[in-house]
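Visitor: Need coordinates for the following:
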Amino acid sequence: MSEKKKEKEESRKTASKAAAAMFSIALGICSAGAYAQGASTWRCGNAYSDRPCEGGSTVKVDDRRSNEDRRAADAGTRNAQTQADRMERNRLSLEKAAHDRDQRAAREARSAALAEKRLAIAEQKERDRARKEAGEPRKSSMSFTSGQSAKAAGDAPERKKKKRKSAD
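Guide: Sure, this is the predicted structure:
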C-alpha cells in the first residue's frame, strides 16, 4: 500500500471511532434523562436530594408547563443572569475604584508624614544651631595681636602708603 492509502485508511478508522464515541455519549445522555424522569426526589429538611434520607419525604417534580411557558421562564432566567453579570462587573469596578482611591490616599498620607518628619528635623537642627550660637561668645571680626605688628604676625597684608600732594 502506498503512503496516501495508509493515511486515508487511518483517518477512516479515526472517524469511525469518533462516531462510535459520540453515539455512546448520546445514548448515555438519553438514558440518564429517562432515568431522571422515573427517579424520585426526596425532601430532607430544607434540602432536596435524589437519594432517600432519614425522615425525608418524596416530592413530585413533574413539569406541567407548556413549551411557551418554559421558553418564557428560560428567557427570564437568561435576562436575570445577564443583569446579574452586569451588576457584578459594576460592583467590581466600583470596588477597584475605591481600592485605588484608598491606595492613593495612603500614599499621600505617607508622603505628608515624611514631609512633616523632615520639617521637624530641620526645625530641631535650627533650634540646636541657635542655642549653640547663643551659648558661645561671639568671635571678633578683626584680629588683634598683642605686641607684634600685623605684618610680623602675618594676619594682614602690607598696605602701601599713599603720598600726599603738597599744597605748595
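Visitor: Could you export stretch 83-90 as PDB, keeping only the C-alpha atoms?
Guide: C-alpha atoms of stretch 83-90 as PDB (Å, rounded to 0.1, in the frame of the first residue of the first chain):
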ATOM      1  CA  GLN A  83     -28.400  41.600  34.600                       C
ATOM      2  CA  ALA A  84     -26.600  39.900  37.500                       C
ATOM      3  CA  ASP A  85     -23.400  39.700  35.400                       C
ATOM      4  CA  ARG A  86     -23.700  43.400  34.600                       C
ATOM      5  CA  MET A  87     -24.200  44.300  38.200                       C
ATOM      6  CA  GLU A  88     -21.200  42.200  39.200                       C
ATOM      7  CA  ARG A  89     -19.000  44.000  36.700                       C
ATOM      8  CA  ASN A  90     -20.300  47.300  38.000                       C
END
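Visitor: any idea how far residue 44 lies from residue 54?
Guide: Separation of residue 44 from residue 54 (C-beta to C-beta, to the nearest Å) stands at 8 Å. Using the backbone N, CA and C atoms, a C-beta is placed for each residue, glycine as well.
Visitor: whoops, I mixed them up, residue 68
Guide: 41 Å.
Visitor: The two: which has the busier surroundings?
Guide: residue 68 (8 against 5; other C-beta atoms under 10 Å).
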